[in-house]
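J.: Return a 3D structure for these sequence lines:
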Amino acid sequence: MSQLLKVSSLVIAMGTASALLVGCSSNANNSAQTANESKSSNSGMTDTTTDNNNNAGTEAKMSTSSNQSTSNQTNSNSIDADTMDSTMADSNDISPVTNGVSQQIDGNSKAANSLNELLTKIEYSTENLSETAKKVNEATWKADTKIDRNVGTKLQALLNWNHSGVGAVDGYWGKNTRKAMQAFQKAQGLPVTEAVNEETWQALTKNSTLTSQPVLVSYQLTDADVNVKTTQIPASAEAKAKLDGMYYESVLEALGEKFHISRDYLKSLNPNASFKSGETIIVYNPGNPNTTPVSRVVADKDTQTLYAYDDSDNLVASYPTTVGSTATPSPTGTHKVKVKIHEPNYTYTSDNGKKSIIPPGPNNPVGVVWIGLSKPSYGIHGSPDPERISRQASAGCIRLTNWDALALLGVIQDGATVEFK
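T.: Numbering: from 1, shown residues only. This is a model prediction of the structure:
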């Protein structure tokens, strides 16, 4: 690993937040920083295939925000540090079943308030569903029957709703879905298997209220959905630094991330869509995330999964992740969460010492979240390429989809334990 930048202090005063974060990188000396803005609008996202991961070794609590003025699909208002500090109250909230509104948490706990600020509220309906959507919503797993895309989508939804994340929903029984099932089995105390069995299906569907919510829903596109700023993301860090923001490259990319679905699947569900404002399309219903405060996470390098535990050491959520690579392995041992940043900048330092500050946005090398560890140069962060989580290498940090990173940011406590195994 290349020489890393030093860390400056985090300043939170008079509503202004700024921080410089050290980065773990496979290329050169890199870091991330927040913009000097107390309010942020979301920026876009780009395709970055290398892992220019970032970290902070500062004793700060949390800073947020982007220096962009445009609005995007997530709620990127700055989050008050007190909302997400280590005194996060134990929550009696149970992630509510969606009823026409997804990603909107009931209750007034700090976790619920944080999540509602970080995640986009999605209002949907079940009117005028396509035949495909109806088949998915009515799908049932049966033993000794091949998992088709309808059942595959239903399984992915049930796993997600039970807080065992599958990554981008695509309807296929693949690596991330199998890992999510195994994490769910682990949380339920079931035998871990390679395939769905009757015992697992019964556990997934035992909450009849949760099971009855729709998987695929109708959603009317708004001006805000389609008028996102877009840009072409250049290859070099120097060129990226000249952009106003690391915006999405297309409306389809923004919609895929908003609904936690692969772009190809979104297109196949809406073959005749033009994705214009006022148009009604079929989308995946993301449901609601875990609301239980997280005091410990375990990054499993073998399964490429991040396991999240509460104060009683109950497994409350899991996320597919990319953890290190053969060339740049992740660290070992146990560390602590030291800093939490929403919408970080990213500072790339080339071999000749020249610095390029890459602006915030979903296509930033660390996505929209940076959770820095006490281990200098390492952290948990988002990704500019969520569809490839667990299918690419990282430079030692823990990489999540942007939506999983936001969900974790809303509940992870300051000083939470981060264990690599």
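
J.: buried ones in stretch 111-125?
T.: Under the neighbour-count criterion of 16 or more other Cβ atoms under 10 Å, stretch 111-125 has Ala111, Ala112, Asn113, Ser114, Leu115, Asn116, Glu117, Leu118, Leu119, Thr120, Ile122, Tyr124 buried. C-beta coordinates here come from the backbone N, C-alpha and C atoms, glycine included.

J.: Distance of Gly372 relative to Ser114?
T.: 18 Å (Cβ to Cβ, to the nearest Å).

J.: buried ones in stretch 263-270?
T.: Arg263, Tyr265, Leu266, Leu269, Asn270.

J.: Could you tell me which of the buried residues of stretch 111-125 belong to helices?
T.: Ala111, Ala112, Asn113, Ser114, Leu115, Asn116, Glu117, Leu118 (DSSP state H).

J.: Nearest to Lys240, out of these: which one, please.
T.: Nearest to Lys240 among those, counting by Cβ to Cβ, is Leu118 at 24.5 Å.

J.: In CSV: the buried residues of stretch 111-125, plus pLDDT and distance to Tyr172.
T.: Formatted as CSV, the buried residues of stretch 111-125 follow (pLDDT from 0 to 100; distance: Cβ to Cβ, whole Å):
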residue, pLDDT, distance to Tyr172
Ala111, 92, 32
Ala112, 92, 33
Asn113, 94, 36
Ser114, 95, 32
Leu115, 95, 28
Asn116, 94, 31
Glu117, 95, 33
Leu118, 97, 28
Leu119, 96, 25
Thr120, 95, 25
Ile122, 97, 23
Tyr124, 98, 23
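
J.: Looking at those residues, which is nearest Val294?
T.: Using Cβ to Cβ, the buried residues of stretch 111-125 come closest to Val294 at Ala111, 9.1 Å.

J.: Please report how far that closest one lies from Tyr247.
T.: Taking Cβ to Cβ, one finds Ala111 at 29 Å from Tyr247.

J.: Return the set of buried residues in stretch 155-163.
T.: Those would be Leu155, Gln156, Ala157, Leu158, Leu159, Asn160, Trp161, Asn162, His163, for stretch 155-163 by 16+ other Cβ under 10 Å.

J.: Please apply the same query to stretch 297-314.
T.: Counting neighbours by 16+ other Cβ under 10 Å, one finds that the buried residues in stretch 297-314 are 297-301, 303-310.

J.: between these, which is nearest Gly415?
T.: Among the buried residues of stretch 297-314, and counting by Cβ to Cβ, the member closest to Gly415 is Val297, at 12.2 Å.

J.: For my notes, confirm that closest one occurs in a strand.
T.: Yes. Under DSSP: H, G, I helix; E, B strand; the rest coil, Val297 sits within a strand.

J.: Contact partners for it?
T.: Leu306, Tyr307, Ala308, Tyr309, Ile380, Leu408, Ile412, Ala416, Thr417, Val418, Glu419 (Cβ atoms under 8 Å, 6 or more residues apart in numbering).

J.: can you count the residues close to the fifth one?
T.: To tie it back to what came earlier, the one meant is Ile380. Ile380 sits with 31 neighbouring residues when counted by other Cβ atoms under 10 Å.

J.: What ranges does the stretch 251-400 of the chain have for its helices?
T.: Secondary structure of the stretch 251-400 of the chain (DSSP state H, counting those that start in this stretch): helices at 251-258, 263-269.

J.: Which elements pack onto the shortest one?
T.: In this structure, helix 263-269 packs against helix 251-258, strand 280-284, with contacts taken as 3 or more Cβ pairs under 8 Å, 6 or more residues apart in numbering; DSSP states H and E.

J.: Let's see that with 6 Å instead.
T.: Counting contacts by 3 or more Cβ pairs under 6 Å, 6 or more residues apart in numbering; DSSP states H and E, helix 263-269 packs against helix 251-258.

J.: elements contacting the helix it packs on?
T.: helix 263-269.

J.: what's the spacing between the helix it packs on and its chain's center?
T.: 20 Å (Cα atoms, centre = their mean, to the nearest Å).

J.: So Val136 sits against Thr153, correct?
T.: Yes. In this structure, Val136 is within contact of Thr153 by Cβ atoms under 6 Å, at 4.8 Å.

J.: who touches both of these two?
T.: Val215 (Cβ atoms under 6 Å, 6 or more residues apart in numbering).

J.: Now the element after the host helix or strand of Gly152, going C-ward?
T.: Counting by DSSP states H and E, the element that carries Gly152 is helix 149-161. Next helix or strand after helix 149-161 toward the C-terminus (DSSP H and E): helix 175-188.

J.: Contacts for that following helix, please.
T.: For helix 175-188, contacts defined as Cβ under 6 Å, 6+ apart pick out 156, 159, 162, 164, 166-167, 192, 200, 203, 303, 305, 315, 318, 320, 390.

J.: what helix or strand is Thr132 on?
T.: helix 131-138.

J.: Pull out the buried positions in that helix.
T.: By neighbour count with 16+ other Cβ under 10 Å, helix 131-138 contains the buried residues Thr132, Ala133, Lys135, Val136, Asn137.

J.: Nearest to Gly100 among these?
T.: Asn137 (14.7 Å).

J.: Now do the same contact list for the closest one.
T.: Contacts of Asn137 by Cβ under 6 Å, 6+ apart are Pro214, Val215.

J.: any idea where the strands of the stretch 201-350 of the chain begin and end?
T.: Ranges of strands in the stretch 201-350 of the chain, per DSSP state E, counting those that start in this stretch, are 216-220, 280-284, 294-300, 305-309, 315-320, 322-323, 333-342, 346-349.

J.: out of those strands, nearest to Thr209?
T.: Nearest to Thr209 among the strands of the stretch 201-350 of the chain is strand 216-220; the distance by Cβ to Cβ comes to 16.6 Å.

J.: What residues of the closest one count as buried?
T.: Leu216, Val217, Ser218, Tyr219.

J.: Ok, stretch 140-159 next?
T.: 141, 147, 149-159.

J.: want to throw the residues you listed into TSV with pLDDT?
T.: Formatted as TSV, the buried residues of stretch 140-159 follow (pLDDT from 0 to 100):
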residue	pLDDT
Trp141	98
Ile147	97
Arg149	98
Asn150	98
Val151	98
Gly152	98
Thr153	98
Lys154	98
Leu155	98
Gln156	98
Ala157	98
Leu158	98
Leu159	98
